[in-house]
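A.B. asks: got a sequence here, can you model it:
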Amino acid sequence: MKKRLGCLHAHFSNIDHIEKAFFSYNIELIHFVDPALIYRVSNDQYFGDSEARNKVKEQIEWIAKCNVDAILITCTNYIALLEEEQLRISIPIIKIDEPFFDYLLSIEGPQTILFTNPSTIEGTMNRLKRHASNYQKEIEIDVMVINNTFKLLMEGLIDEYNQEIIKFLKRINCDGNGAISVAQLSMVCASEQCNSSIINPLLPLVSSIVNRLKLEKKIEPSKVNVKV
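C.D. replies: Model (predicted):
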């Protein structure tokens with residue numbers, strides 16, 4: 001039976017990443033996009049954490065009512081604001097950063113993690129530290145932000161956004177910073193264009209969801225030999 005995955009995004013550009021990643025699997029993807037929450041968190045000084053958390057709760061509970069088998073949250077800001085104990089749902093919530101964190105913890109030596117959205121840094125890094133602590137591991141990781149770039153994405157200037165990331169990645173690749181990763185799904189396309197060795201959240205996510213939801217590959221239609 002085909003599984004249904006509800007996907008919550010902060011930007012429409014993330015839809016294509018998820019669709020391509022699961023193209024060969026027998027799964028229906030239902031996308032929900034709301035960039036307004038991230039805009040308000042980043043720009044509205046009167047929009048507090050409690051209001052933001054309530055909005056995320058409403059979104060998750062709404063998606064859960066759409067007959068999905070699980071919910072994937074692709075926005076690290078949404079994940080940081082989520083309070084699962086306040087939710088009244090029974091289906092699993094899959095956070096894009098948890099398989100990513102597992103992958104980072106398996107790497108030995110120094111690492112660098114990149115962001116374009118400064119407002120996601122604190123929540124993501126706090127979650128990474130807690131994740132490492134839960135597994136009694138230490139991680140040596142530096143944080144770098146590509147300044148004045150995320151606004152390009154929010155304005156719909158995706159090509160310009162990707163080019164700024166690529167320029168930054170090429171520069172730091174020459175500096176020898178050990179393993180390099182990008183923290184946001186919106187950075188995947190640029191990182192793959194620049195260097196296939198750069199780690200991104202999509203790499204470990206697919207195998208994690210395939211195992212968790214027991215997804216099967218699509219059956220390719222067999223070729224029929226027609227005699228004429």
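
A.B. asks: list the buried residues for stretch 48-58?
C.D. replies: In terms of neighbour count (16 or more other C-beta atoms under 10 Å), stretch 48-58 has its buried residues at Ala52, Lys55, Val56, Lys57. (C-beta placed from N, C-alpha, C; glycine too.)

A.B. asks: could I get the average pLDDT for it?
C.D. replies: For stretch 48-58, mean pLDDT rounds to 83.

A.B. asks: for it, output the C-alpha coordinates as CSV.
C.D. replies: Listed next in CSV are the C-alpha coordinates belonging to stretch 48-58 (Å, rounded to 0.1, in the frame of the first residue of the first chain):
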residue,chain,number,x,y,z
GLY,A,48,6.9,36.2,20.4
ASP,A,49,8.1,32.6,20.8
SER,A,50,4.8,31.5,22.3
GLU,A,51,2.9,32.8,19.3
ALA,A,52,5.3,31.1,16.9
ARG,A,53,5.1,27.8,18.9
ASN,A,54,1.3,27.9,18.8
LYS,A,55,1.4,28.5,15.0
VAL,A,56,3.6,25.5,14.4
LYS,A,57,1.3,23.4,16.7
GLU,A,58,-1.7,24.4,14.6
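
A.B. asks: now Asn200: closest residue in space that isn't a chain neighbour?
C.D. replies: Val188 (4.6 Å; C-beta to C-beta, 6 or more residues apart in numbering).

A.B. asks: meant to ask about Leu82
C.D. replies: Val56 (5.5 Å).

A.B. asks: so that neighbour lies in a helix, does it not?
C.D. replies: Yes: assessed with DSSP: H, G, I helix; E, B strand; the rest coil, Val56 lies in a helix.

A.B. asks: next up, the contacts around it.
C.D. replies: Leu37, Tyr78, Leu81, Leu82 (C-beta atoms under 8 Å, 6 or more residues apart in numbering).
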